[in-house]
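**Student:** the following block contains a protein sequence and its predicted model.
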2 protein chains.
Amino acid sequence: MQIISAHQSVEKWGVFEAAFEGPSSGNPFTEQYVRGSFRGAFETAEAEGFYDGNGIYRIRFMPSYTGTYSWRVETSFGDAEGIFEVYDASENNHGPVRVAETYHFAYEDGTRFFPLGTTCYVWNLQSDERIEETLRTLEENAFNKIRFCIFPKHYDYNLGEPRSYPYEGTPMDSSVLTKENFQKYTGRAEGNAFDYTRFRPDHFRHIETCILELQKRGIEADLIVMHPYDRWGFSCMTREQDILYWKYVLARFSAFRNVWWSLANEHDFMPEKTTEDWELYASLIMKHDPYRHLCSIHNGLIFYNHHRPWITHCSIQRQDLYKSAELVDEWRETYRKPVVLDEICYEGNIQHGWGNISGEEMVRRFWEAVCRGGYPGHGETYMNEDDILWWSHGGKLHGKSQKRFFLLRDILQETPGPGLMPWKGAGWDEICGVPENQAALPVKTYYLFYYSFMRPSFRDYWFDDETEFSVCVIDTWNMTRTDAGVHKGHFRVQLPGRAYMAVQIRKV
Amino acid sequence: MQIISAHQSVEKWGVFEAAFEGPSSGNPFTEQYVRGSFRGAFETAEAEGFYDGNGIYRIRFMPSYTGTYSWRVETSFGDAEGIFEVYDASENNHGPVRVAETYHFAYEDGTRFFPLGTTCYVWNLQSDERIEETLRTLEENAFNKIRFCIFPKHYDYNLGEPRSYPYEGTPMDSSVLTKENFQKYTGRAEGNAFDYTRFRPDHFRHIETCILELQKRGIEADLIVMHPYDRWGFSCMTREQDILYWKYVLARFSAFRNVWWSLANEHDFMPEKTTEDWELYASLIMKHDPYRHLCSIHNGLIFYNHHRPWITHCSIQRQDLYKSAELVDEWRETYRKPVVLDEICYEGNIQHGWGNISGEEMVRRFWEAVCRGGYPGHGETYMNEDDILWWSHGGKLHGKSQKRFFLLRDILQETPGPGLMPWKGAGWDEICGVPENQAALPVKTYYLFYYSFMRPSFRDYWFDDETEFSVCVIDTWNMTRTDAGVHKGHFRVQLPGRAYMAVQIRKV
């Protein structure tokens, strides 16, 4: 078997890749296989390879330790083997993100990771210029996770052609689509002629570029593998076709350290899929992702059973028009997993109720989530002449919430321990985060009070008679932090009688 | 027995009163009685009288029909009788308010009554000047119901002396009270020396003046008969003392047509009182209020059982920090009675979470309540140098919500039928009130959509293909109504992409 290339060395949590020449006749996606095993001093792993077109097959592996690794690949057209060296991770490479202390996250090297996400469903399937613009916007903001799809999206404001399709074939004529009629074209609409067994490697290769561009910027790629917003039939393939797709996705993307799996966006809006299907696809992830990336499944109206063992964290779309982040405590207690609010409405002004809250309300939901020990996600849907909405297309941000997240990120970083949990001692009219796992970190260390839409002119505090606390008043909307002195015993903190204030109280 | 005075004529739903001379020795409140029966062509009723001090006893009666009535009074010190004429009600006298069509209210003459309440717990126990100021403020605003107490109030911002006490005796020295220590003085604090069997008639007489001043202004007096905020022992009298009090209150106030009974403010914050007590006091109302005024009991954390037959309407303090008016539909379905939101937080900036929401949020809760078929109530708690807060003392209003209620009142008046009910056909992201009892009023007549904190730039509607609707866009915050034309079939209404918008759609 002809080895085209194979990395000789790679950084820890980098991607080792080997490429081989193989058959291009027939359907290489279904008729050939590539399987590899990787062995270092501290780990052995198996991974599958994939056909990348033009008679080229690839296999990837993400090593989690330094030192010498050997690899051995078996394919349907021959075998190969070799060795490579894994050197130390570079400065900004902390490894994949893991669940830490039940409710929180940390990179594999132990660095804490506090998700502040955003959603741009198909930013990756726009023009090069738009993608550049999106990446620039991400650089200018505090987001460290982004949700996006592998399949293109068909929906209101999403009627155009994607830059590429995942399968060989031809799509229906999209020039017939209008804002009025688009809902008639769902699932496998007439006029589509795709071969759901022949991938277009360029589509996936481009997504890999996007994943790496995010990685460079310290952003996690929360990949939405399936979703209901479809006119091409990608949401209603047969189970066999789905399995082929899942294995291809897993073979191509698993070795990227910043990948998270989202089995679906709004799983319950996909009538063709059953719980049995989702459990099967989850089992494919468990089998074919040797790195155990973070994994969840996002809901429309009905939560998936987040108790399932393969679900690492709750990926939540709020179910109630009025309460979203306010329910984080409840979900933490119910599921005993990190709560990630991947959809709590988008800031904007479109006609749909899921996409027209104010910047103020978005920031309020972020603080509510954080002080209750959860992790909020952003999105933006402002109407504009070109129908370019961040929520789907990326581009520029026009809202008022995003620049407020820097302050929240900074405050989060000041949390002692793995993250915040809701303090049971808080009053009925205040939200207060304290360090998670107080068995390890004694109480009276750190309190982050949040007053949400309430507008107290002052608040009184008492924790004990001895401890000295330094107090900082935070205006989460105007982005100011004001030192309010050192206090002990009973003390009063003056507040401006405005909404969106927080009070950070730290043991001196 | 010496008759001092007796009305010869009175308007329908006015107050007939007769006064008698009687003993002033011993304790007339416990040792004497006055009972009357009243007979007209269409009704007979019994009522009790009361001792008004200085050897004078009075009995009152509110006739509900015109024509000649006879009266007969028996007392422990002699009997008397006479007749009086009842003439037509004057223009602004519509009678007492009744429940209409299960969920709504109307005066006895059939005129609809849409409650828009406010709360000033002890406005009536302030100085004459403050009371005048409160009445002027009420004249300048849209409120048509006010909640207030018979007993004085001891609480934060309420440490001063009331203008009078309901009982003979002397209060504790209030000069020892501070904002820091007031909570130590609760119930029957040391230093109080009241005789809970001897009323001070001037206290009650003054409240009657206040009830009549409200009546002149078309405002219902929602009398809070008991409440927990006490340092004088009025909240923890014996059951016998309570009964004496209830009978005195009922004898004095029942004949005023604009009285509503609120058994208690925050009944569950009165640990001395049991359900048995409340049921007993309710039975006294049923027995001694022959006019069956509206009657309810207000909660702290736990609703009283609003299914009880003597409860005419749900008097609700919201239980959840985030959802208040949003739960009106649920409460309507549960209790099948009018839902009156007597406490949904106060507009203001005090330290307490029940008293520091914005004007915007207050107005939003009002519209949510109304479009769901409930009736909201206001209150205001802005800090100021003199500690005069509308919520307790009355005076001036400083907020932003109150002037917006005129528009809501006008819109409510445009409702066809008895009032609004939540429309089951509304989308998940809109609130829509339609006329109650659609069996009588066909659908497709009237829709009042409300978009709350959402900011749609447009909304699409369809009811049928034939009916013509005239559309009005209402900016509930900026208080504008904009004609949006006549439409039929599928139609789109442009909105400004701001919060707090409503759309009124009426069959042409």
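**Tutor:** Okay, I see it.
**Student:** what pLDDT is listed against A:Asn437?
**Tutor:** For A:Asn437, the pLDDT comes out at 79.
**Student:** how close does A:His298 sit to A:Leu408?
**Tutor:** Look at A:His298 and A:Leu408: by CB to CB, to the nearest Å, they are 22 Å apart. In this view, the C-beta of every residue, glycine as well, is placed from N, C-alpha and C.
**Student:** compare the two (neighbour count), which wins?
**Tutor:** Neighbour comparison, A:His298 and A:Leu408: the larger count goes to A:His298, with 25 against 22 (by other CB atoms under 10 Å in any protein chain shown).
**Student:** if you drop the residues flanking it in sequence, what lies closest to that one?
**Tutor:** Leaving aside its sequence neighbours, A:His298 sits nearest to A:Ser315 (CB to CB, 6 or more residues apart in numbering or on different chains; 4.5 Å).
**Student:** spit out the contact partners of the closest residue to chain B within the stretch 401-508 of chain A.
**Tutor:** Nearest residue of the stretch 401-508 of chain A to chain B (CB to the nearest CB) works out as A:Asp429 at 2.2 Å. Neighbour list for A:Asp429: A:454, B:321, B:352-354 [criterion: CB atoms under 8 Å, 6 or more residues apart in numbering or on different chains].
**Student:** of those, closest to A:Glu161?
**Tutor:** B:Leu321 (47.1 Å; CB to CB).
**Student:** and what about the closest one, helix, strand or coil?
**Tutor:** coil (DSSP: H, G, I helix; E, B strand; the rest coil).
**Student:** and A:Ile83, by the same measure?
**Tutor:** Going by three-state DSSP: A:Ile83 is strand.
**Student:** cool, A:Val503 as well?
**Tutor:** A:Val503 - assigned by three-state DSSP - is strand.
**Student:** swap in A:Leu284?
**Tutor:** helix.
**Student:** just say helix, strand or coil for the closest residue to it other than its chain neighbours.
**Tutor:** Leaving aside its sequence neighbours, A:Leu284 sits nearest to A:Trp246 (CB to CB, 6+ apart; 4.7 Å). Under three-state DSSP, A:Trp246 falls in the helix class.
**Student:** do you know how far A:Ile505 is from A:Phe463?
**Tutor:** Relative to A:Phe463, and taking CB to CB, A:Ile505 is found at 8 Å.
**Student:** who's more crowded, the two?
**Tutor:** Counted by other CB under 10 Å, A:Ile505 and A:Phe463 do not tie: A:Ile505 has more neighbours, with 23 against 19.
**Student:** bridging residues for the spatially most central residue of chain A?
**Tutor:** The centroid of chain A falls nearest to A:Asp222 when counting by CA atoms, centre = their mean (3.0 Å). Judged by DSSP bridges, the bridge partners of A:Asp222 are A:Arg147, A:Trp260.
**Student:** distance of it relative to chain B?
**Tutor:** Going from A:Asp222 to chain B by CB to the nearest CB, to the nearest Å gives 25 Å.
**Student:** can you check A:Ala325 too?
**Tutor:** 10 Å.
**Student:** let me see the contact set for that residue.
**Tutor:** A:318, A:341, A:344, A:365-366, A:368-369, A:372, A:374, A:376.
**Student:** go again with 10 Å.
**Tutor:** By CB atoms under 10 Å, 6 or more residues apart in numbering or on different chains, the contact set of A:Ala325 is A:316, A:318, A:339, A:341, A:344, A:364-372, A:374-376, A:431, A:452, B:322.
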